[in-house]
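Peer 1: just a sequence and a predicted model for now, questions to come.
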Amino acid sequence: MNEVSTSQAQRVEPAPAAGPAAAVVARGVGKTFSGSGGSPVVALDGVDLSVAAGEIVSLIGPSGCGKSTLLRLVADLDRPTSGTIEVFGRTAAAARANQDYGIVFQSAGLLPWRTVRANVELPLELHGTGRAQRRSRALEMLSLVGLADVVDTYPHQLSGGMQQRVAIARALAEEPSLLLMDEPFGALDEMTRERMQSELLTICAQTRAAVVFVTHSIPEAVYLSDRVVVMSPRPGRITGIVPVDLGGAGERVDGLREDTGFFSAVTRVREALHDGSGHSAQAGRRGGDLR
Ligand SMILES: Nc1ncnc2c1ncn2[C@@H]1O[C@H](COP(=O)(O)OP(=O)(O)OP(=O)(O)O)[C@@H](O)[C@H]1O
């Protein structure tokens with residue numbers, strides 16, 4: 001794969017250099033589905049990736065390149081056809097059983113008959129946490145995402161952005177060291193989206209959680225990430241990794257979006273997409289407009 005430095009692209013060894021504390025290590029991961037008529041669909045091929053503890057990594061690439069598939073394999077919602085995935089040194093299945101990660105999708109997926117607080121308490125309830133502890137943990141997480149004053153309301157009484165913050169609070173309830181996020185802000189308006197991005201960085205600075213973040217938006221990937229992983233269309237492969245040297249999660253303030261370093265990283269990601277697939281223009285149209 002290509003590791004694109006701030007100055008120029010350079011070749012690096014494909015095997016991930018991961019220490020024992022790595023949040024995610026994927027080695028030689030492939031996933032083949034059986035498509036319509038039984039013909040195989042190679043969604044992923046030879047994916048090597050490591051994500052360090054506390055690191056924020058975005059996956060970007062054209063539609064159908066396997067971003068969600070890779071995230072689902074890390075979450076143990078599906079199994080790879082080849083290769084291995086480790087989450088904090090365990091198999092993905094063991095990490096799932098150990099609640100090592102929280103997951104957030106584009107749709108908040110809240111239960112409409114439960115209050116905000118009861119939605120956040122749900123995973124704790126399912127894993128047998130006592131009532132008092134559940135309540136205080138839910139309140140703590142809802143305060144973290146700025147929703148302490150709506151704990152007793154129902155999801156339909158909240159805006160889309162607020163619902164997504166509840167989903168993030170729910171994902172954080174069990175103190176995961178890893179957040180898996182699949183286009184979590186994709187359905188939000190641009191203003192709310194930017195606010196949510198900033199809030200996510202604040203949460204990461206506080207919890208030190210690692211994040212694997214799927215997005216179609218180049219600016220979103222750059223603003224959030226320590227590294228942006230660029231993927232090619234089928235078979236999905238990693239074609240480039242762009243490091244983003246804009247400081248840690250706690251240092252990324254809104255003004256950064258107008259910084260020359262930010263624009264330069266956006267350009268590097270766009271070029272890496274272009275080199276890998278020729279689809280950078282498409283990715284830009286799908287949410288990566290560079291205003
Ligand atoms: N359950 C499945 N059965 C068959 N094919 C599948 C299945 N899930 C995914 N695929 C195929 O695998 C490929 C990768 O899909 P995936 O959803 O991971 O892509 P993506 O990069 O997340 O796409 P998008 O950006 O549009 O969300 C696609 O060709 C898709 O049609």
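Peer 2: That came through fine. Numbering: from 1, shown residues only.

Peer 1: going forward, measure contacts between C-alpha atoms and count neighbours the same way
Peer 2: OK.

Peer 1: wait, doesn't I203 sit right on L144?
Peer 2: Yes - if you go by C-alpha atoms under 8 Å, I203 and L144 touch, sitting 7.1 Å apart.

Peer 1: specify the beta-bridge partners of V229.
Peer 2: Listed beta-bridge partners, V229: L59, I241 (assigned using DSSP bridges).

Peer 1: that one: how many residues sit nearby?
Peer 2: Neighbours of V229 under the rule other C-alpha atoms under 10 Å: 29.

Peer 1: what distance do you get for it to the ligand?
Peer 2: Computed with C-alpha to the nearest ligand atom, to the nearest Å, the distance linking V229 and the ligand is 12 Å.

Peer 1: contacts only, for that residue.
Peer 2: V57, S58, L59, I60, I238, T239, G240, I241, V242 (C-alpha atoms under 8 Å, 6 or more residues apart in numbering).

Peer 1: what's the pLDDT at the closest residue to the fourth one other than its chain neighbours?
Peer 2: Residue nearest to I60 in three dimensions, not counting chain neighbours: V230, with 5.1 Å by C-alpha to C-alpha, 6 or more residues apart in numbering. With respect to pLDDT, V230 has a value of 96.

Peer 1: is it true that V230 touches G240?
Peer 2: Yes - using C-alpha under 8 Å, V230 is in contact with G240, at 5.0 Å.

Peer 1: next up, the contacts around the spatially closest residue to V51 that is not a sequence neighbour.
Peer 2: Once its chain neighbours are removed from consideration, V51 has its nearest residue in V24; the separation is 5.0 Å (C-alpha to C-alpha, 6+ apart). V24 makes contact with L49, S50, V51, A52, V74, I85, E86, V87, F88, G89, according to C-alpha under 8 Å, 6+ apart.

Peer 1: swap in 6 Å and give it another go.
Peer 2: S50, V51, E86, V87 (C-alpha atoms under 6 Å, 6 or more residues apart in numbering).

Peer 1: tell me the pLDDT of the third one.
Peer 2: Going back to what we said before, that points to E86. Reported pLDDT for E86: 95.

Peer 1: assign it to helix, strand or coil.
Peer 2: Three states are possible here, and by DSSP: H, G, I helix; E, B strand; the rest coil the one that applies to E86 is strand.

Peer 1: tell me the spacing between the nearest residue to it once chain neighbours are set aside and G247.
Peer 2: Of all residues beyond its chain neighbours, the one nearest E86 is V25 (5.1 Å), with distances taken as C-alpha to C-alpha, 6+ apart. For V25, the distance to G247 under the criterion C-alpha to C-alpha, to the nearest Å works out to 23 Å.

Peer 1: so A43 sits against K67, correct?
Peer 2: No - because the distance of 9.1 Å does not satisfy C-alpha atoms under 6 Å, A43 is recorded as not touching K67.

Peer 1: more neighbours: which of those two?
Peer 2: Regarding A43 and K67, a neighbour count based on other C-alpha under 10 Å identifies K67 as having more, with 28 against 21.

Peer 1: from L188, how far off is L179?
Peer 2: Spatial separation of L179 from L188 under the definition C-alpha to C-alpha is 19 Å.

Peer 1: send me the helix or strand containing R96 as CSV with only the CA atoms.
Peer 2: Using DSSP states H and E, R96 falls within helix 92-97. Extracted as CSV, the C-alpha positions of helix 92-97 are listed here (Å, rounded to 0.1, in the frame of the first residue of the first chain):
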residue,chain,number,x,y,z
ALA,A,92,-13.0,-10.3,17.1
ALA,A,93,-15.5,-12.8,18.6
ALA,A,94,-13.8,-12.6,22.0
ALA,A,95,-13.6,-8.8,21.9
ARG,A,96,-17.3,-8.7,21.1
ALA,A,97,-18.1,-11.0,24.0
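
Peer 1: could you list the residues in contact with it?
Peer 2: Outside of helix 92-97, the residues within contact range by C-alpha under 6 Å, 6+ apart are V74, D76, E86, V87.
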